[in-house]
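[1] Provided below are the primary sequence and the corresponding predicted coordinates.
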Amino acid sequence: MKKWAPLASALLLAGCAVGPDYERPELGAVQQDFRVPIELQQARSLAAVEWFEMFNDPYLNQLVQVALANNLELAGALERVEQARARTAVSRSAFGPQIRGSVQNTPAPGGDGNDASFTSGVGFNWELDLLGKLRRADEATRAELLATEDGARAVMSSLVVSVAQAWFSLQELDEEERILVRTLGSQEESLELVRSQLNSGVASRAEEQQAIAQLASTRARLPQVQQQVVFAENTLSLLLGQAPQAFADRPQRRPVTLLDDKEVALGLPVELLERRPDVRAAEQRLHAATARVGVAVANRFPVPTIGLSGLFGRYSTDLNDLYSGSATNFSGWGPYIDIPIIDWGRAKGNEDAARAAMAEALTNYRRTVLIALREVSDSVYAFTYSAEVIDAQLTYAEAAAESLSLQKSRFASGVSGYVNVLDAERELLSAEIGLSQAELSRVNAYLEIYRSLGGGWSDEALQRALSDSPRDQP
């Protein structure tokens, strides 16, 4: 049994890894204080809904597919994932021996240029991971890979929501343009009515000029909205990874009609933490920082680095005979121990820095969780109150339309002046534009809930994007 004692001791040490083991921080108090205006229940979270099921809009789904294939920000995130995967391969290679071939020329002291000895062979160097330094380094690298993958998921989630928001903003601007065109038609009819009344001696020249001014003011707003349409199309094109283009074949509809009184099922806060990519990435960075503390501890005095080294080759005094039968074969191997004696505090400083980095990563993780919960709460409140805003704007628009109709009748009858018609037209235009923007705000709030819960990505979509990402282009 005694002869097996050293081997057993080595295996026991090999199962150890110095430094703290990672454990997820407790966030129970944060979850209990989570504030949303609806009761949290165990239901299918909105985040679990696939993006192509969100609105049942084939045109939008096609836009998202193009963005996932061509968006350059997502492509950069996917390349970072490939870099992280390559680094994990480098980290794993440290567990095996380093094997190198060499040919050396050793000149003889006092000899001429031809007096020399020659050796060639294969050498190896293998560090035994007795205290887990290599395993901690590999653990940190793998955690960084997971964090990078979650970073790509976060980019994908933001991209899906950004495309939808740009698309719905474009449709809302289309609605504003239709409102302005319709208002221009109404104001042109009013101008004709004023001129008719002017010819009859009922209206004044001042009222005609007021009608002309109102019409010109509305006409000035139309090209401004058309310019915003172009800007929105350019923004959408950029998200799709394309040069600026017009989306002339887009359907004309009000975005809010796609909500269909959708209900928001949040799920529990713990489900939010498990789904949201930036929270997951922050946790993985904390995991990596924790593992690096183990690497720093393993590098401190008096922890030795233990390994094996060896060389197998041939020796000759003539280069021509190095690979012939007259050359001498040699081999040798054995253990080595590298123990730092004095490093003037370098290893201790590295450990302190690693522990400080771990504390910073913990703070960033907690902050990311709080930001995530705040964004969920903000978006849910925005979505909840947006319904009340739309109801009020709808009442406003209906009342303004009725008021305009009455004021036109009163003016045509000579009961009131044209200034009342002008005021009613301005009120109706403001009410209709406000209603359109309120409907867009409701759609955007719904999308923000989706994004804040971590929706818009899936592992299947990420792996498909990674497999389709070109990596050989200059």
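    Great, that's in hand. Numbering: from 1, shown residues only.

[2] Could you double-check that L198 sits in contact with Q209?
    No - if you go by CB atoms under 8 Å, L198 and Q209 don't touch, sitting 10.5 Å apart. All C-beta atoms are positioned from the backbone trio N, CA, C, and that covers glycine.

[3] Of the two, which one has the most company?
    L198 (16 against 11; other CB atoms under 10 Å).

[4] Is that one part of a helix or strand, or is it coil?
    Following DSSP: H, G, I helix; E, B strand; the rest coil, the label given to L198 is helix.

[5] That one and N420, how far apart?
    17 Å (CB to CB, to the nearest Å).

[6] centre of the chain versus stretch 414-430, how much separation?
    49 Å (CA atoms, centre = their mean, to the nearest Å).

[7] What are the buried residues along it?
    G417, Y418, N420, V421, L422, A424, E425, R426, E427, L428, L429 (16 or more other CB atoms under 10 Å).

[8] Grab the nearest non-local neighbour of the last one.
    Sequence neighbours aside, T183 is the residue nearest to L429 in space, at 5.0 Å (criterion: CB to CB, 6 or more residues apart in numbering).

[9] What ranges does the chain have for its helices?
    Per DSSP state H, the chain carries helices over the ranges 5-14, 28-32, 58-70, 72-93, 133-199, 205-239, 269-275, 277-298, 346-412, 418-452, 459-468.

[10] deepest of those helices, which one?
    Highest mean neighbour count among the helices of the chain (mean count of other CB atoms under 10 Å): helix 277-298, with a mean of 24.

[11] by how many degrees do that helix and helix 346-412 diverge?
    Computed by axes from the mean of the first three to the mean of the last three CA atoms, to 10 degrees, the angle separating helix 277-298 from helix 346-412 equals 170 degrees.

[12] Run through the neighbouring helices and strands of helix 277-298.
    helix 133-199, helix 269-275, helix 346-412 (3 or more CB pairs under 8 Å, 6 or more residues apart in numbering; DSSP states H and E).

[13] Out of these, which is closest to L466?
    Closest of these to L466 is helix 133-199, at 8.1 Å (criterion: CB to CB).

[14] I'd like the distance from that closest one to the chain centre, please.
    Using CA atoms, centre = their mean, the offset of helix 133-199 from its chain centre is 17 Å.

[15] again, but for stretch 215-231
    The answer for stretch 215-231 is 34 Å, by CA atoms, centre = their mean.

[16] Likewise for stretch 225-243?
    21 Å.

[17] Stretch 452-462 now?
    10 Å.

[18] got it, and stretch 280-295?
    19 Å.

[19] V18 reaches D129, doesn't it?
    No - applying CB under 8 Å, one finds V18 not in contact with D129, separated by 10.9 Å.

[20] Which of the two has more residues huddled nearby?
    Between V18 and D129, D129 has the larger neighbour count (other CB under 10 Å), namely 22 against 19.

[21] Can you tell me how far the more buried one is from R135?
    As judged by CB to CB, D129 and R135 stand 6 Å apart.

[22] Repeat that for Q245.
    Distance from Q245 to R135, by CB to CB: 52 Å.

[23] Ok, V230 next?
    57 Å.

[24] Please apply the same query to S309.
    Distance from S309 to R135, by CB to CB: 21 Å.

[25] Likewise for S441?
    From S441 to R135 the distance is 52 Å (CB to CB).

[26] again with G101
    Taking CB to CB as the measure, G101 falls 29 Å from R135.

[27] which residues of the stretch 351-474 of the chain score low on pLDDT?
    469-474 (pLDDT under 70).

[28] Repeat the analysis, applying 90 as the threshold.
    369-370, 372-374, 376-377, 379-381, 383-384, 387, 408-419, 449-450, 452-474 (pLDDT under 90).

[29] swap in the stretch 1-150 of the chain?
    Using pLDDT under 90, the flagged stretches of the stretch 1-150 of the chain are 1-57, 92-134.

[30] check contacts around R292.
    Listed by CB atoms under 8 Å, 6 or more residues apart in numbering, the contact set of R292 reads R136, A137, A140, A354, A357, M358.
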